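1. I would like the atomic coordinates for the input below:
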Amino acid sequence: MSFLRRKTASFLGLAALRNLVSDSMAIDMGSASTIIAVRGRGVIVDEPSVIAVNKISGEVIAVGNEARKMQGREARDVTVIAPLIDGVVADFERTRAMLDHFVKEARSGISHVSRRAIMSVLSGVTQVEQRALLTAAEEAHIGRVYMVEEGLAAAVGAGVPVDDATAAAVVDIGGNTTNVATIISGSIISSRAERLGSSDIDAAIMDFVRRHRGLTIGVSTAERLKLELSSAIEPRDTQQKVNVRGRDVQTGAPGAVDVTAAEVYQVTQPIVRRIAEEVRTTLTDLPPEVSGDIYDRGVILTGGGALLDGLGPYLQKELDLTIRVADAPRFAIVRGLSQMFDEPLLLRRVARTEPHLLLEPDAMVFEE
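-> So this is what the prediction gives:
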């Protein structure tokens with residue numbers, strides 16, 4: 001017995017030491033932004049998912065916020081890349097370098113390795129796409145990686161209890177994807193991801209200004225127009241305007257035009273209409289009892305796109321359901337992932353990672 005006690009004490013002591021020199025991370029790595037929360041420290045990283053590289057040498061010049069500052073103003077031998085497209089890895093090497101940079105930022109000063117991380121993954125992602133993201137995480141020196149579907153993480157982060165026997169519907173609107181998931185008792189009933197998000201509004205604004213106002217503008221300018229003027233419902237002041245600068249389509253010379261809220265509303269409408277249709281399609285395939293729960297409970301909005309002005313009232317009218325925007329909707333996924341560290345049985349049940357990675361005998365000693 002004394003030997004067992006000493007052995008147990010040594011395991012506990014080693015576990016405490018590992019806690020001291022390592023970080024457990026929740027990682028929401030999306031096409032538009034990467035958010036990392038560290039257990040006990042909260043959100044540490046919240047930066048754009050872009051990386052600036054030298055075209056000739058391939059050297060990484062800047063990542064995240066620093067790379068975003070260069071976007072549209074790159075030197076001729078520099079390019080700014082978004083290595084994740086539609087929520088999946090499009091450029092593995094750049095994704096690995098970007099994640100490695102963000103993970104290093106998130107680690108505490110005395111930590112050189114992250115013991116484990118929980119990452120969000122899109123519904124419907126293929127095994128190849130999942131493996132690419134998993135490998136990138138492993139090469140960022142994370143000891144063990146769990147992957148959890150975005151819809152479930154968003155629901156938990158929005159306050160849906162994991163033991164709730166009443167179904168809940170969550171719509172997470174990111175930069176390039178919209179994920180609609182129905183959850184009950186910590187399990188996903190149905191989940192569907194559409195390659196459609198708030199960045200599509202930026203692209204539509206750029207196209208409109210070029211076609212109808214004769215001015216080519218960059219991504220940053222389009223995003224500013226979206227933030228200042230875009231609305232899912234008709235704006236109160238349709239003549240509110242913002243002056244933007246860019247390149248004249250005809251002459252190629254620098255130019256400027258005023259863009260009104262009415263014009264931005266015009267290009268925003270088709271996208272929010274598609275989002276509403278995606279939600280409606282997903283909800284019509286539910287079992288009757290689940291549909292009844294959703295009718296009583298309504299739909300929860302998460303993700304950065306949930307902050308679009310008037311989106312809640314618009315969806316409420318279109319779907320004839322109560323719509324609630326989660327608190328701090330951009331952080332709902334990473335908040336839900338973080339909470340799963342306190343629900344190890346739930347984590348093992350819902351993680352999409354291969355079973356042998358979840359059940360390593362020596363890893364079990366260090367579970368909390």
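
2. how about the longest helix belonging to the chain as PDB, C-alpha atoms only?
-> Using DSSP state H to define each element, the chain has its longest helix at helix 261-283. Extracted in PDB, the C-alpha atoms of helix 261-283 (Å, rounded to 0.1, in the frame of the first residue of the first chain):
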ATOM      1  CA  ALA A 261     -26.200  52.700 -46.400                       C
ATOM      2  CA  ALA A 262     -29.000  52.000 -49.000                       C
ATOM      3  CA  GLU A 263     -26.400  50.700 -51.400                       C
ATOM      4  CA  VAL A 264     -24.700  48.500 -48.800                       C
ATOM      5  CA  TYR A 265     -28.100  47.200 -47.700                       C
ATOM      6  CA  GLN A 266     -28.800  46.300 -51.300                       C
ATOM      7  CA  VAL A 267     -25.800  44.000 -51.600                       C
ATOM      8  CA  THR A 268     -26.100  42.600 -48.000                       C
ATOM      9  CA  GLN A 269     -29.700  41.400 -48.600                       C
ATOM     10  CA  PRO A 270     -29.000  38.400 -50.900                       C
ATOM     11  CA  ILE A 271     -26.400  37.000 -48.500                       C
ATOM     12  CA  VAL A 272     -28.600  37.200 -45.300                       C
ATOM     13  CA  ARG A 273     -31.400  35.700 -47.400                       C
ATOM     14  CA  ARG A 274     -29.200  32.700 -48.200                       C
ATOM     15  CA  ILE A 275     -28.300  32.400 -44.500                       C
ATOM     16  CA  ALA A 276     -32.000  32.400 -43.600                       C
ATOM     17  CA  GLU A 277     -32.700  29.800 -46.300                       C
ATOM     18  CA  GLU A 278     -29.900  27.600 -45.000                       C
ATOM     19  CA  VAL A 279     -31.200  27.700 -41.500                       C
ATOM     20  CA  ARG A 280     -34.800  26.900 -42.700                       C
ATOM     21  CA  THR A 281     -33.600  24.000 -44.800                       C
ATOM     22  CA  THR A 282     -31.700  22.400 -41.900                       C
ATOM     23  CA  LEU A 283     -34.600  22.900 -39.400                       C
END
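
3. for it, buried residues please.
-> Within helix 261-283, the residues that count as buried by 16 or more other CB atoms under 10 Å are 261, 263-265, 267-269, 271-272, 275-276, 278-279, 282-283. Backbone N, C-alpha and C define where each C-beta goes, glycine included.

4. chain center to it: distance?
-> The chain centroid and the centroid of helix 261-283 are separated by 20 Å under CA atoms, centre = their mean, to the nearest Å.

5. what is the burial count for the spatially closest residue to Arg195 that is not a sequence neighbour?
-> The shortest distance from Arg195 to any non-neighbouring residue, by CB to CB, 6 or more residues apart in numbering, is to Asp86 (4.4 Å). Using other CB atoms under 10 Å, Asp86 is surrounded by 20 other residues.

6. looking at this protein, which helix or strand does the model trust least?
-> Ranked by mean pLDDT, DSSP states H and E, the weakest helix or strand in the chain is helix 361-364, scoring a mean of 37.

7. where along the stretch 201-350 of the chain do the helices fall?
-> Per DSSP state H, counting those that start in this stretch, the stretch 201-350 of the chain carries helices over the ranges 219-229, 261-283, 288-297, 311-319, 332-339, 344-350.

8. tell me which of those helices sits nearest to Glu105.
-> Closest to Glu105 of these, according to CB to CB: helix 332-339, at 14.6 Å.

9. and the closest one, what does it pack against?
-> strand 22-29, strand 33-38, strand 113-121, helix 150-157 (3 or more CB pairs under 8 Å, 6 or more residues apart in numbering; DSSP states H and E).

10. lowest-confidence stretch among those?
-> Comparing mean pLDDT across the helices and strands packed on helix 332-339, the weakest is strand 113-121, with a mean of 81.

11. fine by me, we can end here.
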